[in-house]
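got a predicted structure plus its sequence, pasted below:
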Amino acid sequence: MAPSYILLVEDNPDDLFLASRIIGKACQHEILTARDGEEADELFRRMEQDESYRQVKLVLLDLKLPKISGLDLLRGIRGSAKLQGLAVAILTSSDNEADQEQCWELGVVDYIYKPMTVDRLKGILSRSEGAQ
Amino acid sequence: MIDEEREGAGASMLYVEDEADARQMVTRMLAMNYPNLTVYSADNGLQALELYRQHTPEIVMTDINMPVMDGIRMSREIKVINPDVRIIAVTAHSDTSYLLSAIEIGVHHYVLKPLNYQELFTVLDKVLEQIELKRLVSAQHRRLAQSQRQLAAAQRIAHLGSWQRNLAAENMDWSDEMYRICGVEPESVPASYHSFMERFHPEDQAAVAESMQSALDPQHQPDHKFVRVVRLDGSIRIVRLDVEGVRDGDSTIGVIGTCHDVTELKEAEQQVRSLTEELERRVLQRTSLLQVTVSELENFSYFVSHDLRAPVARLEGFCTALVEDCGVCGHANCRQYAERSASVVQQIKQIMDAFNSLTHLARCTLAIRDTDLSVLARDILRDLAADAPQRKVEVVIAEGARVKGDPELLGKALRHLLDNAWKFTSKTERGRIEFGWSDRHGVRTYFVRDNGAGFNMKYAEKLFKPFQTIHAPGEFGWAGTGIGLASAHSIVLRHGGRMWAEGEVGQGATFFFTLEPNPESGSYLKES
């Protein structure tokens, strides 16, 4: 069986560590990371080519990222024929209401204020797996 | 009027005749025909002169040929006393030698002897008519002179000069005040059109000429201009110039107008204007200072609500990791410290939220509407009572506290005050909470009063400071972050009001507040 992944787009090493820890506790999926918007974007391009996006169970997306913002990445995902069905959850510490509204409009499975908890992630995964 | 004249209204006459019979007869006839004519009679010139000096009658009718002093000599004397006297000479044909003398001294009329009454009455009527005419003319003169004096005084008092330009004669009349406004003695300069124009400031002469010209147009509507008059000493007066055409049928025969010296008025106006401008400048200055402060606050709260959130969230994440991963550690302190750290992070987050909600009050946009505080207070107290059905609190609400304000914010302020009262009466046996209003020193003042725990007035200053409480934590249930009263205070300030409190330990507390009657909608932040 091909491995399944959770893609974590996060620039801050502490947040990366904390999120990875929660992912490790909540599920068996492997963790793919991108450290800024551009890296994430390149990763998405590759996944479109080699079809590996099919193995991505969830994208955890920070909004405030270097180079390309989380919101723009989300728009790119929704605009791509292959990626548009990806489950994306926002993981942020900002309480900007306008951001949150746009994210819901672009279709996200959750909007999480940091820090993420094991229970919250389990909830998301069970919902999105049920939906698949 | 004519009848009265015929009867010799108010006039008097001296009648001199040496023949007693004739005198009595004529006097009787006069009394019958001229009942209003006072007649003094004398039988010779000397006696007549004496009577004349006493009564100075307007008419003298005299015989010429008399003993002691004849009519001619007497008339001459009387003429000296009063040149205006009207003299009627009664003469016989034989007196013609006196006639030349009579004409010389100005005897106006004569009647021939023997007397024909019809002839006498005709002459007398004529004389009386002349006297009456003269009286009328002099009365008119007096009235005219009085009007002119009044007009001149009125012009002087009002600083209003008048003038008229007569086109046919190419001359002008100026009132005395017109001269004075121009800073010259009346009639000390020629009142010509040229001289008139010269009085005005060179820059205003064209405007004056234009007004004078347009007034000639029969369709011209009266209007006015403010122009400058330059006095000989160089000082400048501001006058309001009003010009109108003088019409004679379809043609314009002149121009009439006024110059009203309004220098002081204009100066006062200018003062008011510059004061207003100064005030506006200051308001602008203060507003921009305020805007700077508010945008600093805005930046600061952005920092707290966004930049600080991320590290605090990280700290929270690590605390959770500590509790979860190190809780099983054999060392008892590890779990305890981890849990306490987690609780401290919760406190930090609460303070950040409280801070954000406080700064929001200073920044948010006010939506001013008619708001009934009595209704708001009743709803809040009903909710409080519903949440704590076991408590018996007497609630008193004064009706009609209608104000202009932001209903949402004022509701929050009232909620904080009433929450406070509710909390601090929780240990009072017969709790009582009152919302009311009164007029203190002419200012509508609202209050929330309770008979609860109260406070020591020496801590009154601390009441409205955020994050400060004057009761020990937990003394009255969960203490919260201590921003309730600070928020209420902030909301009242945003409404241009004031808040203060009075209290005594164990005797309850009263929170007072005022509101600006007409607060402005909007916020201090610049529209961006």
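Sure thing, it's come through. Numbering: from 1, shown residues only, chains lettered A, B, ... in the order given.

Three-state assignment for the residue in the stretch 351-500 of chain B positioned nearest to chain A, please.
Taking C-beta to the nearest C-beta as the measure, the point where the stretch 351-500 of chain B comes nearest chain A is residue B:356, at 8.5 Å. Every residue, glycine included, has its C-beta placed from N, CA and C. Secondary structure, DSSP: H, G, I helix; E, B strand; the rest coil: residue B:356 is helix.

ok, how many other residues are close to the nearest residue to it once chain neighbours are set aside?
Among residues not flanking residue B:356 along the chain, residue B:305 sits closest, at 5.0 Å (C-beta to C-beta, 6 or more residues apart in numbering or on different chains). Per other C-beta atoms under 10 Å in any protein chain shown, the neighbour tally for residue B:305 reads 19.

mind listing what residue B:305 touches?
With contacts taken as C-beta atoms under 8 Å, 6 or more residues apart in numbering or on different chains, residue B:305 has the following neighbours: A:95, B:352, B:356.

just the buried members of those?
Among the contacts of residue B:305, those classed as buried by neighbour count (16 or more other C-beta atoms under 10 Å in any protein chain shown) are residue B:352.

I'd say residue B:193 and residue B:169 touch.
No - counting by C-beta atoms under 8 Å, residue B:193 sits too far from residue B:169 to count as a contact (11.1 Å).

can you pull out the low-pLDDT segments for chain B?
Along chain B, the model assigns pLDDT under 70 to residues B:1-9, B:93-97, B:472-474, B:477-481, B:524-528.

test my guess that the residue of the stretch 351-500 of chain B closest to chain A contacts residue B:301.
Yes - using C-beta under 8 Å, residue B:356 is in contact with residue B:301, at 6.1 Å.

assign a three-state SS to residue B:290, would you?
For residue B:290, the assignment made with three-state DSSP gives helix.

might you report the residue contacts of the closest residue to residue A:92 other than its chain neighbours?
Spatial nearest neighbour of residue A:92, excluding adjacent residues (C-beta to C-beta, 6+ apart): residue A:63 at 4.6 Å. Going by C-beta under 8 Å, 6+ apart, residue A:63 touches A:69-71, A:90, A:92, A:94, A:99, A:103.

same check, this time on residue A:62
The contact partners of residue A:62, by C-beta under 8 Å, 6+ apart, come to A:9-12, A:15, A:70, A:90-92.

centre of the chain to the helix or strand that contains residue B:104, how far?
Element membership of residue B:104, judged by DSSP states H and E, is helix B:96-105. Relative to the mean C-alpha coordinate of its chain, helix B:96-105 is positioned 74 Å out (C-alpha atoms, centre = their mean, to the nearest Å).

from the rest of the structure, what touches the helix or strand following that helix?
For helix B:96-105, the succeeding helix or strand toward the C-terminus, using DSSP H and E, is strand B:109-112. Applying C-beta under 8 Å, 6+ apart, the external contacts of strand B:109-112 come out as B:86-93, B:99, B:102, B:119-120, B:123, B:126-127.

hmm, which of the residues you listed are the buried ones?
B:86-91, B:102, B:120, B:123, B:127.

in strands only, show me the residues you listed.
Counting by DSSP state E, the buried ones among the contacts of strand B:109-112 place B:86-91 in strands.

what is the neighbour count of residue B:430?
Other residues within reach of residue B:430, judged by other C-beta under 10 Å, total 9.

ok, now which ones touch residue B:66?
Residues in contact with residue B:66 (C-beta under 8 Å, 6+ apart) are B:16-18, B:43-45.

need the max-distance pair from the residues you listed.
The largest separation in the contacts of residue B:66, counting by C-beta to C-beta, is between B:17 and B:45 at 11.0 Å.

what touches both of those two?
Applying C-beta under 8 Å, 6+ apart, one finds that residue B:17 and residue B:45 are jointly contacted by B:62, B:66.

have a look at these two and say which one is more surrounded.
A side-by-side neighbour count of residue B:17 and residue B:45, using other C-beta under 10 Å, places residue B:45 first with 27 against 24.

for that one, which non-adjacent residue is spatially closest?
residue B:69 (2.8 Å).

quick one: buried residues of stretch B:146-164?
Neighbour-count burial for stretch B:146-164, counted by 16+ other C-beta under 10 Å, picks out B:155, B:159-163.

from the residues you listed, which land in strands?
Counting by DSSP E, the buried residues of stretch B:146-164 place B:160-163 in strands.

residue of the stretch 101-250 of chain B nearest chain A, please.
At 56.9 Å from chain A, residue B:226 is the closest residue in the stretch 101-250 of chain B, using C-beta to the nearest C-beta.

run a quick neighbour tally on residue B:113.
By other C-beta under 10 Å, 17 other residues sit near residue B:113.

now do the contacts for the residue lying closest to it once chain neighbours are set aside.
Of all residues not flanking residue B:113 in the chain, residue B:92 sits nearest, at 4.3 Å (C-beta to C-beta, 6+ apart). Listed by C-beta under 8 Å, 6+ apart, the contact partners of residue B:92 are B:65, B:112-113.

residue B:205 now?
Shown in contact with residue B:205 (C-beta under 8 Å, 6+ apart): residue B:197.

coming back round to it: out of the contacts of residue A:62, who's nearest chain B?
Nearest member of these to chain B, counting by C-beta to the nearest C-beta, is residue A:15, at 6.3 Å.

I'd say residue B:505 and residue B:457 touch.
No - contact between residue B:505 and residue B:457 fails when scored by C-beta under 8 Å: they sit 9.1 Å apart.

now the common contact residues for these two.
Common neighbours of residue B:505 and residue B:457 (C-beta under 8 Å, 6+ apart) do not exist.

what pLDDT does residue A:76 get?
Turning to residue A:76, the model gives it a pLDDT of 95.

that one is in contact with residue A:44, isn't it?
Yes - with contact defined as C-beta under 8 Å, residue A:76 counts as touching residue A:44 (6.7 Å).

helices along chain A, start to end?
For chain A, applying DSSP state H gives helices covering A:13-26, A:37-50, A:70-79, A:97-106, A:118-131.

leaving out sequence neighbours, find the closest residue to residue B:61.
Counting by C-beta to C-beta, 6+ apart, residue B:61 lies nearest to residue B:88, which is 4.3 Å off, once chain neighbours are set aside.

the residue of chain B most remote from its centre and chain A, how far apart?
In terms of distance from the mean C-alpha position of chain B, residue B:330 ranks first, at 89.2 Å (C-alpha atoms, centre = their mean). Taken as C-beta to the nearest C-beta, to the nearest Å, the spacing of residue B:330 relative to chain A amounts to 22 Å.

and that residue, helix, strand or coil?
On the basis of three-state DSSP, residue B:330 is classed as coil.

do you know how far it is from residue B:356?
Separation of residue B:330 from residue B:356 (C-beta to C-beta, to the nearest Å): 41 Å.

one more: residue B:430?
Where residue B:356 is concerned, residue B:430 sits at a distance of 39 Å (C-beta to C-beta).

return the residues of chain B in contact with chain A.
Proximity of chain B to chain A (C-beta under 8 Å from any C-beta of the partner chain) is limited to residues B:305-306, B:309-310, B:312-314, B:316-318, B:320-321.

and these, which are buried?
If you count burial by 16+ other C-beta under 10 Å, the buried members of the residues of chain B next to chain A come out as B:305, B:309-310, B:312-314, B:316-318, B:320-321.
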